[in-house]
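Peer 1: sequence and computational prediction follow.
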Amino acid sequence: MDLNKLTNEIIDGRRLTREDDLSFLIDCNLDELSREADRLREHFSGNAANLCAIIAGKGGRCPENCRFCAQSSHNPTGCETFELLDYDTIYKAALRHQNDGVHRFAIVNSGRCPSTDEFEKLISIYEKLSEELNISLCASLGFLTDEQFERLFKAGVRRYHNNIETSRSYFPEICTTHTFDDKLRNIKRAQKAGLEVCSGGIIGMGETVEQRIEMALDLSELGVKSIPINALIPIPNTPLANLRPLTEEEIIRAVGIFRMINPEPDIRIAAGRKLLCDNGRKLFTGGANSTITGNMLTTTGSTTEMDVKMFRDMKRL
């Protein structure tokens, strides 16, 4: 496969689909793949990095049985549990991130969905944040109804996060309390309400490279605007605790694959950067243009200060 020629075709409008033989992505030269993926990043996303910070709005006791998750009540991890944070706590965190130059801010709740009372509190919080801050607002609250998505949009939220986690074929190995199609229906409800969608998942959960390609195609067909890529950090007392962490080369190849199949969305690096050298800098010269930043997501392995310095050095901020 001539990757340079393929990149030019993608720039001219071609999109890779399930009808294409994509096996070349599994073992093509990694340096060449990264170079061509970064050409697509520069063409479609420019040279400006995009930073998103999150706050855990509610922690623990999730009834879903996702095998990777410390928050699941099925996994005896002893993680911290707490009820929905108050407005002042969330506002101070959002303001700090805004002042640090972060572009987006999301409240991320543990659980299948918020209760009626929690949702009303969240609407009030988002309305106030929208009035008092300039940072773009995102939400990650689980499964919502059409009406709830519409109310989030009216409250000032512009992007909804709902990871598909992995490919359709591997999803039953990761979770059985909800389905891959449940995820897709939720994403489409969010899009119907006018929200952009941020959706990606986790690599290194035992899936094959072919299934990572399948996942990238799933996301391409959904038309999402941002794709967070997490590299699994195995958590003690979860079913995936003993998996081998991915190598740097495996993560770099995955980022290249996702960019070649999804040339236009943000490719957003999330958990697992501690598995790479130099704050994961190679990923941002290999197709990625954005990240989840800050220490609220403890498995990122980076801080906002580290990211701001890195992107300024790279002339991305």
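Peer 2: Received it, and whenever you're ready, just let me know what you need.
Peer 1: for the rest of this, base every contact and every neighbour count on C-alpha atoms.
Peer 2: Noted.
Peer 1: quick one: secondary structure of Ile202?
Peer 2: Secondary structure of Ile202, reduced to three states by DSSP: H, G, I helix; E, B strand; the rest coil: strand.
Peer 1: neighbours around it, how many?
Peer 2: Using other C-alpha atoms under 10 Å, Ile202 is surrounded by 22 other residues.
Peer 1: list the beta-bridge partners for it.
Peer 2: With DSSP bridges applied, Ile202 shows beta-bridge pairing to Asn230.
Peer 1: the stretch 101-250 of the chain: strands as residue ranges?
Peer 2: Taking DSSP state E, counting those that start in this stretch to define them, one finds strands in the stretch 101-250 of the chain at 104-109, 136-140, 159-161, 196-198, 201-203, 226-231.
Peer 1: rounded mean pLDDT for the first one, please.
Peer 2: Strand 104-109 shows an average pLDDT of 97 in the prediction.
Peer 1: how about stretch 148-159: buried residues?
Peer 2: Gln148, Phe149, Glu150, Arg151, Leu152, Phe153, Ala155, Gly156, Val157, Arg158, Arg159 (16 or more other C-alpha atoms under 10 Å).
Peer 1: who wins for proximity to Gln71 among the strands of the stretch 101-250 of the chain?
Peer 2: Shortest distance between Gln71 and these, using C-alpha to C-alpha, is found for strand 104-109: 10.0 Å.
Peer 1: quickly run through the sheet partners of that closest one, with directions.
Peer 2: Based on DSSP bridges, the pairing partners of strand 104-109 within the sheet are strand 50-58 (parallel), strand 136-140 (parallel).
Peer 1: mind listing what Pro172 touches?
Peer 2: Pro172 makes contact with Thr179, according to C-alpha atoms under 8 Å, 6 or more residues apart in numbering.
Peer 1: need the pLDDT of it.
Peer 2: We have a pLDDT of 98 for Pro172.
Peer 1: next: the one 4 residues further on.
Peer 2: Per-residue confidence for Thr176 comes out at a pLDDT of 98.
Peer 1: quick one: mean pLDDT for the helix or strand hosting Arg312?
Peer 2: If you go by DSSP states H and E, Arg312 is part of helix 304-313. Per-residue pLDDT over helix 304-313 has a mean of 94.
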